[in-house]
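# give me a 3D structure for the following:
(one chain, ligands or ions: 1)
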Amino acid sequence: MDILKVLSRGIKHNPKNKPQAAGATTQLPSAGALPHPQLFHDPVASRSKKRKRRRDGQEDREEAQDDTDMSDVDYFAPKKPATEAVPTDAEQEEAPKKRKIKLLDEDECRQILRSHRLKFTILSGPRQVEADEEESASEKKKKKQKKDKKDADTKEKEKKEKDDHKKQIFPQPLTSFGELRHTYDVSPQLAANISAQGFRVPTEVQLASLPLLLRPATALKKAKSAEIPSATNGVDFLAVAPTGSGKTITFLIPAIDGVLRRRAEEGRESDAHVLEAVVVAPTRELASQIVNEGRKLAIGTGVRVVLMKRTLRLAAEEVKGDQTKEEEEKSEDEDASEDEESEDSEGEKTGKEGDAKPPARVDILVTTPKILLNFLSGKPGVRRLLPTVRSLILDEADVLLDPIFRKQTMGIWRACTHSDVSLTCWSATMASNVEALLTKQLDKRAKQADATPRPLIRLVVGLKDTAVPNITHKLIYTATEPGKLLALRQLLHPASSADSGPPLRPPFLVFTQTIDRAQALHNELKYDIPLEAGGSARVAVLHSSLPDSARSKIMARFRGGEVWVLITTDVLARGVDFAGVNGVVNYDVPTSAAAYVHRAGRTGRAGREGGVAVTFYTKDDIPFVKSVANVIAASERQAGKEGTEGAAVQKWLLDALPKVAKEDKRKLKVRGVESRRSGGKATITTKSAWERRREHNKAQAIEASKRRKRQRREEGPAQGEARKAGRGGVGRAG
Ligand SMILES: Nc1ncnc2c1ncn2[C@@H]1O[C@H](COP(=O)(O)OP(=O)(O)OP(=O)(O)O)[C@@H](O)[C@H]1O
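Numbers count the residues shown, from 1 in each chain. Take a look at the predicted model:
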């Protein structure tokens, strides 16, 4: 196999089999310089011709607009050359006071938001709750009266469209990062840290969310078309934005700003740390990544961003608690390796020894759900609360509110007892039942606290729940399972690249349904790489049953370009950002449309072009593959490739694939493709049945050993000795 030629393309051979990290990634298509991090620039005609916006900073709101062709207008051109983007500290200190803040009028906001396919909707809040109640009452009445269903449906649809329009809002967009300092008054150091990362143009999600999250009152000052209740205490927020669109810094910037602002307001010293924000992410890899991003943004601000560890002790309020309820919330399905003891430099031991020591100094905590819930409910008969937390951030919120993590996430939310705690939720996909759950919970919390519910505002960037528009998609059919391995090898082989479209260039990720399949594929592929090109060290496998330290090492080797092919499960499907990943192979078909979006979104980050997502499907997958094909078709539609020869999904294929029944979709999401399961209980988890069985056996062995110990204690030392002597005798006799 000539895989060496493909895998070593663009990479200088290192005789010691230790490739140069930089060389390994800089020449790869999706790792190149960022072309533009924004995905959408639609020309949008002005609704009003009364206003004119000039780009020289001398905005004249009163002049009549003479040109409605918005395609020439570049709202996002830097207002100053890049060198001027970060004024000196002294200038920055002065800046907000000197400058008169100019806000865009609602029509201008609307145009900018529309040209970037950004849609804000108020999902709940005082006005909305009343409206929804009224609506549902009148709807019920109407439904009774109307017998003609078709007619009712049409009217309902029209009404919904009308109401949707009413619920839409058009807050101020962030036209440049410079505005963070000048209009939204973020600290000079935070502004400098953003600039130091080389971000010049805000992505769509940043452009839309940052004003609203930093200063809601300013952002909504000109938003007149929808009545919004007072937003001075902040808003609850839900953002659905494409993978790789920069959601992480979008929630971190307001979190850091919030800590700094309150610190200044309360006259606290910079070394007085109060836990004010909690970021929850579903996997440890993602949580560590968020910590790294947070620390880069917090340099020089004194804000401490800390990763939750098992041994970390937080400043918490202790109340008498319903232990059993909290215990129940510890899901058995979650990542078992979280239970492992990990080294901790930040905090203290929990329990008796730890309680005596002062709590860790944390401003922003990043955690996976279970580990924090364990801390909150870790003391018998006691519940720990986090009353100082003002901001709860759920990254990959749809999965955190999915049944696997829901109870744990809710447990954390309940522990954040401050009356003003704001909730922000982030993901590339969001099911409507998650939105319904959130609105219900927010109303419930407001009622319990006897407070006015705050508005829950949803932002959708592009199309909700779909589309990874900036990469190439490929859908490859192989009749049988063994055929897939052959097809994967052919895809890697240069000779067949002509038939297979763009060759798969390293580094790339390969996703399987279960851990045992990931391990098996790893065993198959690792010998495909010749020794001269690095051999088996080039192929690695990462899954949730590996120890923490092994997972971190593999991540570092992959990020460094040392590992070219990383075989993994859905543990790496969400959130993890490898800037230089050129491709994603769905060796096993993703079990939902959302899973496809997240897996494919590991390539083509921040608007990079050149990423490829290849999905194999077999006869077994045909009943389920339509959801994936629909996402690919939507992505190609957005990219303008629909119906072209290069499109992965042609209309005939979409028509031919069977529709997936709702119940089948649910089953597939929970169990995966049946034929790929190795038996065992039906649970959605990155753990294989084999692994669950192993854990079950281990648990049984521990239980049996405890039983024997108990028995020995009950029997007393004399009988114990006699038993031992008896066993020894048998041994000797044998
Ligand atoms: N304004 C920007 N300009 C250029 N790059 C940016 C900008 N904002 C963020 N990035 C970079 O984009 C990449 C993706 O960001 P991030 O991981 O936050 O995406 P995400 O939206 O959270 O994706 P996912 O849905 O997969 O979790 C990161 O490498 C980040 O540094």
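# is whichever residue of the stretch 551-700 of the chain sits closest to the ligand in a helix, a strand, or coil?
Nearest residue of the stretch 551-700 of the chain to the ligand (Cβ to the nearest ligand atom) works out as residue 606 at 3.3 Å. No exception for glycine: its C-beta is placed from N, CA and C like everyone else's. What DSSP: H, G, I helix; E, B strand; the rest coil gives for residue 606 is helix.
# that one against residue 244, yeah?
Yes. With contacts defined as Cβ atoms under 8 Å, residue 606 counts as touching residue 244 at a distance of 5.5 Å.
# who has more neighbours out of these two?
residue 244 (27 against 19; other Cβ atoms under 10 Å).
# OK, contacts around the more buried one?
By Cβ atoms under 8 Å, 6 or more residues apart in numbering, residue 244 lies in contact with 577, 601, 604-608.
# can we see that at 6 Å?
Applying Cβ atoms under 6 Å, 6 or more residues apart in numbering to residue 244 gives the contacts 601, 605-606.
# tell me the one of the residues you listed nearest residue 559?
residue 605 (12.6 Å; Cβ to Cβ).
# what pLDDT does the nearest residue to that closest one once chain neighbours are set aside get?
Closest residue in space to residue 605, ignoring its immediate chain neighbours: residue 244 at 3.5 Å, by Cβ to Cβ, 6 or more residues apart in numbering. On pLDDT, residue 244 comes in at 92.
# for residue 292, see how far away residue 244 is.
To residue 292, residue 244 is 16 Å away according to Cβ to Cβ, to the nearest Å.
# what do you get for residue 656?
Taken as Cβ to Cβ, the span from residue 656 to residue 292 is 45 Å.
# ok, the two, which is more surrounded?
Neighbours were counted for residue 656 and for residue 292 using other Cβ under 10 Å; residue 292 has more, 14 against 11.
# host element of the more buried one?
Counting by DSSP states H and E, the element that carries residue 292 is helix 284-298.
# now the element after that helix, going C-ward?
Next along from helix 284-298, by DSSP H and E: strand 305-307.
# elements contacting that next one?
helix 284-298, strand 364-367 (3 or more Cβ pairs under 6 Å, 6 or more residues apart in numbering; DSSP states H and E).
# and it, which strands flank it?
strand 364-367 (parallel) (DSSP bridges).
# at contact distance from the ligand, anything in the partner strand?
No. Strand 364-367 does not reach the ligand (Cβ under 6 Å from any ligand atom); its nearest approach is 13.4 Å.
# quick one: contacts for residue 362?
Contacts of residue 362 by Cβ under 6 Å, 6+ apart are 273, 275, 304, 306.
# repeat that for 8 Å
273, 275, 304, 306, 312, 314, 346.
# distance of the third one from the ligand?
The span separating residue 304 from the ligand equals 21 Å under the rule Cβ to the nearest ligand atom, to the nearest Å.
# quick one: the contacts of residue 244 as CSV, columns for pLDDT too.
Putting the contacts of residue 244 into CSV (pLDDT from 0 to 100) gives the following:
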residue, pLDDT
601, 93
605, 89
606, 85
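# and those residues, which is closest to residue 390?
After measuring the contacts of residue 244 against residue 390 - Cβ to Cβ - the closest member comes out as residue 606, at 29.1 Å.
# got the residues of the stretch 501-650 of the chain near the ligand?
575, 577, 579, 601, 605-606.
# ok, now with 8 Å
Residues of the stretch 501-650 of the chain lying close to the ligand by Cβ under 8 Å from any ligand atom are 574-577, 579, 598, 601-602, 605-607.
# got phi/psi on residue 320?
Dihedral pair for residue 320: phi -60, psi 130, per degrees, to the nearest 10.
# surely it is in contact with residue 382?
Yes. With contact defined as Cβ under 8 Å, residue 320 reaches residue 382; the gap is 6.7 Å.
# more crowded one of these two?
residue 382 (15 against 8).
# sec struct for the nearest residue to that one once chain neighbours are set aside, please.
Once flanking residues are discounted, residue 382 sits nearest to residue 318: 5.0 Å by Cβ to Cβ, 6+ apart. With three-state DSSP as the basis, the three-state label of residue 318 is strand.
# what's the local residue count around residue 318?
Neighbours of residue 318 (other Cβ under 10 Å): 12.
# quick check: bridge partners of it?
residue 384.
# where in the chain is the helix or strand with the lowest mean pLDDT?
helix 21-26 (a mean of 38; mean pLDDT, DSSP states H and E).
# buried residues in the helix or strand hosting residue 264?
Per DSSP H and E, residue 264 falls inside helix 247-265. By neighbour count on 16 or more other Cβ atoms under 10 Å, the buried set for helix 247-265 is 247-261, 263.
# what lines up beside the following helix or strand past it in the sheet?
Downstream of helix 247-265, the first helix or strand assigned by DSSP H and E is strand 277-280. Within its sheet, strand 277-280 is paired with strand 364-367 (parallel), strand 391-395 (parallel), according to DSSP bridges.
# near the ligand, which residues of the stretch 51-200 of the chain are found?
177, 197-200.
# dump the helix or strand harbouring residue 438 to CSV, restricted to CA.
Using DSSP H and E, residue 438 sits within helix 432-448. Taking Å, rounded to 0.1, in the frame of the first residue of the first chain, the C-alpha atoms of helix 432-448 are listed here in CSV:
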residue,chain,number,x,y,z
SER,A,432,-37.3,22.3,20.3
ASN,A,433,-38.0,20.1,23.4
VAL,A,434,-34.9,21.5,24.9
GLU,A,435,-36.2,25.1,24.3
ALA,A,436,-39.5,24.1,25.9
LEU,A,437,-37.7,22.6,28.9
LEU,A,438,-35.7,25.8,29.4
THR,A,439,-38.7,28.1,29.2
LYS,A,440,-40.6,25.9,31.6
GLN,A,441,-37.7,25.8,34.1
LEU,A,442,-37.1,29.5,33.9
ASP,A,443,-40.7,30.3,34.6
LYS,A,444,-40.7,27.8,37.5
ARG,A,445,-37.6,29.4,39.0
ALA,A,446,-39.1,32.8,38.7
LYS,A,447,-42.3,31.7,40.4
GLN,A,448,-40.4,30.0,43.2
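# which outside residues touch that helix?
Contacts of helix 432-448 (Cβ under 8 Å, 6+ apart): 123-124, 129, 236, 238, 397-398, 401-402, 410, 413, 423, 425, 452-454, 456, 458.
# drop anything exposed from these.
Here, 16+ other Cβ under 10 Å leaves 123-124, 129, 236, 238, 397-398, 401-402, 410, 413, 423, 425, 453-454, 456, 458 buried among the contacts of helix 432-448.
# one step back: can I get the contacts of residue 362 in JSON lines including neighbour count, pLDDT and distance to residue 695?
JSON lines is the format used below for the contacts of residue 362 (neighbours: other Cβ atoms under 10 Å; pLDDT from 0 to 100; distance: Cβ to Cβ, whole Å):
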{"residue": "273", "neighbour count": "21", "pLDDT": "94", "distance to residue 695": "38"}
{"residue": "275", "neighbour count": "24", "pLDDT": "97", "distance to residue 695": "33"}
{"residue": "304", "neighbour count": "19", "pLDDT": "97", "distance to residue 695": "35"}
{"residue": "306", "neighbour count": "23", "pLDDT": "97", "distance to residue 695": "30"}
{"residue": "312", "neighbour count": "24", "pLDDT": "91", "distance to residue 695": "25"}
{"residue": "314", "neighbour count": "23", "pLDDT": "93", "distance to residue 695": "29"}
{"residue": "346", "neighbour count": "16", "pLDDT": "40", "distance to residue 695": "29"}
